[in-house]
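just a sequence and a predicted model for now, questions to come.
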Amino acid sequence: MNKLARIASTLAALAALSSAAAPAAAAAEETPVAAAKAPHHGRGKERPRFPMEAAPFSKRVDEKIAKQRAKVEARMQKGGVPDARRAEIRKVLDDVQAKVRAAVGKAAKDGVITQDEAKQVRKLAREARKAIAEQLGLGKKHEKKEKREKREKPKGRPIPVPVT
């Protein structure tokens, strides 16, 4: 009997869900317009919508640049980097950030940023971060990790063999 009761309750739940699914599907077709106007309630910032005006885009890029600079400064402070090395790092960072700002200025000439222009700026920024890592010798840690991973490791657990 217990098994029969569980099957019956499962079927009743499925019937209730299927009857509620039809209005939900109809409402789902109407929601994209409402969802576009509704505020974003997820984690992080709202994703940008393109095409976008140049001023909010450049503001967003400036915020990211400031955040990157703050992280670098904090890591230098924590790591006890000497003043001469700090000046070198700041100079490299300034050069790279100037290139990114120039790309934003070039994309913003017409006052509108398209998604392709934003992707080009993002690609330039990523390449710039990699260039900073190479210039400052920060990629060495990853090379060591790759070498460790290449070493042969025994697979699985060892099988105990009785001694006779």
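Nice, I can see it. Quick caveat, the model's predicted, so the values are computed rather than measured.

for Leu4, give its distance to Leu11.
Counting by CB to CB, to the nearest Å, the separation of Leu4 from Leu11 is 11 Å. To be clear about C-beta, it is placed using only N, CA and C from the backbone, and glycine gets the same treatment.

ignore the last one, Lys3
Taken as CB to CB, the spacing of Lys3 relative to Leu11 amounts to 13 Å.

name the residues that touch stretch 84-94?
Gln68, Arg69, Val72, Met76, Val81, Ile132, Gln135, Leu136 (CB atoms under 8 Å, 6 or more residues apart in numbering).

buried subset of the residues you listed as a PyMOL selection?
Restricted to the buried members of the contacts of stretch 84-94, where burial is judged by 16 or more other CB atoms under 10 Å, the PyMOL selection command reads as follows:
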select buried, resi 68+72+76+81+132
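
out of the contacts of stretch 84-94, the closest to Val163 would be?
Ranked by distance to Val163 (CB to CB), those are led by Leu136 at 55.6 Å.

quick one: contacts for the closest one?
By CB under 8 Å, 6+ apart, the residues touching Leu136 are Glu88, Ile89, Val92.

of the residues you listed, closest to Arg101?
Out of the contacts of Leu136, the one with the shortest distance to Arg101 is Val92. That distance is 15.1 Å, counting by CB to CB.

and the closest one, which of the three is it?
helix (DSSP: H, G, I helix; E, B strand; the rest coil).

same question, Arg157
Under three-state DSSP, Arg157 comes out as coil.

residues contacting it?
Under the criterion of CB under 8 Å, 6+ apart, Arg157 has no neighbours.

over to it: give its phi and psi.
Dihedral pair for Arg157: phi -90, psi 150, per degrees, to the nearest 10.
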